[in-house]
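Asks: 3D, please:
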Amino acid sequence: MSSRLVAALLAATAAAGVVAGALMETGLPAPATQWVFIVFALPLPALGWLLASRRPELRYGWLLLACGLFLGLSVLGVGVRAQGGPELLGSFLISLSPLFYGLTWIFVPLLFPDGRLPSRRWRPVARISAVAIAVHAVGSTGFLMFGPNMSDPSPLALIAALMSGVGQFVTWILAVVVFCGLVVRWRRSRMVERRQYAWMVGGMVVTMGGAALMLFTIFGRTQIGPVVLLGVVTAMGALPAALVVAVVRHRLLDIRIGIKGSRLHLMFDLRPTVDEVLSDLGTALEDAPEPVEQLGRLATAVRTGLEVRWAAVTLADGTRVVSGKEEGEALVTMPVRGGLGRIECGPRDAGPLTRVDRRLLQALAVPAGLAIQSAGLVTRLVNAQEAERRRIERNIHDGVQQQLVALIAGLELARATGAGPDMLTQLREQARQTLTDLRELAAGIHPSALSQGGLVEAVEERCSRLPVHTRVSASPGLRARRFADEIEGAMYFTVSEAVANALKHAEAATIEVRLSQSDGRLRATVADDGKGFTPGAAARRGLATLADRLDALGGGLTVDSAPGEGTRVNAWVPADE
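Replies: Numbering: from 1, shown residues only. Here you go, the predicted structure:
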């Protein structure tokens, strides 16, 4: 069941209990005071529904819903007893009123504004308050059930009355303690938060004053209509009214209410939840094929989700994408896992960043890491492709192109001079050499042996021309297997780069190449007996590019080496057996 549906059911139950109980108590037509009570009792569950349905991750909305639910059920209990309904049911429902008052007087101000305790020092107060409220409720239930005849009370009625009195007294004391703490937080808070706390302090003062006025009318047996009405209005409506003002005027919990359009209607403009931000971000990243555009959309999601003036995503290589106009220093910096980069946020348009904002930023750090990793991978692949294109262009320009120019010039000379057999023979050999160079150049792009004979045959052909002793071995049946072109190409060039490094840098005397397939992976291992090196201290330009290529296929590459112990290059890609 979704949180919105649960919130709607709780709010509807609370509202139905208030309306039904109040009308059952007096019957129809109900007096004006009863309608006033209904009007001022309904905003509490309505506000709780608004907060809980739109910001379900915050506890404060659910707390207000609980207060409204206990209020509605207790009023319904009064109506049940007034209509002569089941005594047990009516007594039980009425006994829920201490839960309403206890939560309203203690936990609503204590957990203001985001549903969390101000600090760990308030934990004992919260625990003692919970026990006191529960004792008060249990005592009230027992008193209503066993103590209707106080002229001759039973022992259970006396125990219940004692429990109710003690629980109520402790609740009042703790309510005063919590109120004093609220005043202290109000005085120490910043400007924007201070205005929010000011309305809560004022709401609690009026609420307690209304409760005291209602107790005066009950115990003083004063039935003055205006006095009773004033107590009901202030006790029931002051706190929800203060919360509504904090929402409307001071954007409590990032909720804004305004008027939109030419007609008069309310517009609830709420900041998106964590789930909504992540869902929208996932869609935005899928629609952005370019890595820089992905980083830009990520920065925009952070800026709009936290409602900050600017947000930036910075990669480890210094690449930086900013959303909004960057002014001033970053207030919050969140590193991305793996040291891939960081997310930076500027100041908010209104108020400081809260704990909820920081949790949202932590949640965004996960897709941010994936986006940054993807962007870095794509960038390296693009750079590698560009470098390879320039290499091929240089080889064509410096080699084959010059040979073709010389061949054309020779042919022109032969035609002009009427060349004899010797010159024609020379031109033929020159053309054959040019063809050989073209084949070798094409082999560097995609070897013909790889296209015709497969991976094992291409690797054997490549290693057969090496000036050192090289042994190639393959798993049984692998020679006859063919794989996708991108898989065979990636593995072939990885082996080629590894054996080339062994010849150029390792001064190896022997090289061993092993090709195998197991556990859904195609593997290639190149080991040499060269001088070795320290992997972390040496550059891996060629292998780094190949590692990106393998990573793009879902594979990987590792290099194991140490000075004087040779080198082992292990590469793999997913491949069905």
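Asks: pLDDT at W199, what is it?
Replies: Here the pLDDT value assigned to W199 is 82.
Asks: and it, helix, strand or coil?
Replies: Here W199 is recorded as helix under DSSP: H, G, I helix; E, B strand; the rest coil.
Asks: which residues sit in contact with it?
Replies: A242, L243, V245, A246, H250 (Cβ atoms under 8 Å, 6 or more residues apart in numbering). Every C-beta, even on glycine, is put in place using the N, C-alpha and C of the backbone.
Asks: and of the residues you listed, the nearest to E327?
Replies: Among the contacts of W199, H250 lies closest to E327 (Cβ to Cβ), at 24.1 Å.
Asks: pLDDT score for the closest one?
Replies: 47.
Asks: narrow the contacts of W199 to those in strands?
Replies: Among these, DSSP state E puts none in strands.
Asks: worst-scoring helix or strand of the protein, pLDDT-wise?
Replies: Ranked by mean pLDDT, DSSP states H and E, the weakest helix or strand in the chain is strand 266-270, scoring a mean of 48.
Asks: so S323 versus V170, what's the distance?
Replies: 52 Å (Cβ to Cβ, to the nearest Å).
Asks: so for these two, which sits in the more crowded spot?
Replies: Each of S323 and V170 has its neighbours counted (other Cβ atoms under 10 Å); S323 has more, 21 against 18.
Asks: my guess is that one meets R303, correct?
Replies: Yes. In terms of Cβ atoms under 8 Å, S323 counts as a neighbour of R303; the distance is 4.6 Å.
Asks: where does pLDDT dip in the stretch 401-550 of the chain?
Replies: 401-407, 409-410, 413, 419, 430, 433-448, 536-543, 545 (pLDDT under 70).
Asks: can you tell me the element I343 falls in?
Replies: If you go by DSSP states H and E, I343 is part of strand 341-345.
Asks: can you tell me which of the contacts of W199 are in helices?
Replies: Of the positions in those, A242, L243, V245, A246, H250 sit in helices, assigned by DSSP state H.
Asks: mind putting those residues into JSON lines with distance to R120 and neighbour count?
Replies: Formatted as JSON lines, the ones in helices among the contacts of W199 follow (distance: Cβ to Cβ, whole Å; neighbours: other Cβ atoms under 10 Å):
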{"residue": "A242", "distance to R120": "27", "neighbour count": "21"}
{"residue": "L243", "distance to R120": "25", "neighbour count": "26"}
{"residue": "V245", "distance to R120": "30", "neighbour count": "18"}
{"residue": "A246", "distance to R120": "25", "neighbour count": "22"}
{"residue": "H250", "distance to R120": "27", "neighbour count": "19"}
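Asks: spell out the secondary structure type for D560.
Replies: Three-state call for D560 (three-state DSSP): strand.
Asks: that one contacts N570, correct?
Replies: Yes. Applying Cβ under 8 Å as the test, D560 and N570 come out as touching, 7.2 Å apart.
Asks: quick one: which of the two has more around it?
Replies: More crowded of D560 and N570, by other Cβ under 10 Å: N570, with 17 against 14.
Asks: I'd assumed S561 was in contact with the more buried one.
Replies: No. Applying Cβ under 8 Å as the test, N570 and S561 come out as separate, 11.3 Å apart.
Asks: tell me which element the spatially most central residue of the chain falls in.
Replies: The centroid of the chain falls nearest to A363 when counting by Cα atoms, centre = their mean (2.4 Å). Under the criterion of DSSP H and E, A363 resides in helix 355-395.
Asks: give me the spatial nearest neighbour of L93, chain neighbours excluded.
Replies: Setting aside the residues directly before and after it, L93 is nearest to G77 in space (Cβ to Cβ, 6 or more residues apart in numbering), at 2.6 Å.
Asks: the stretch 1-150 of the chain: helices as residue ranges?
Replies: Counting by DSSP state H, counting those that start in this stretch, one finds helices in the stretch 1-150 of the chain at the ranges 3-26, 32-41, 43-54, 59-82, 87-94, 97-102, 108-110, 123-146.
Asks: oh, I was asking about the stretch 451-577 of the chain
Replies: Going by DSSP H, counting those that start in this stretch, the stretch 451-577 of the chain shows helices at 455-463, 485-504, 541-552.
Asks: closest to S189 out of those?
Replies: Short answer: helix 541-552, nearest of these by Cβ to Cβ, at 49.5 Å.
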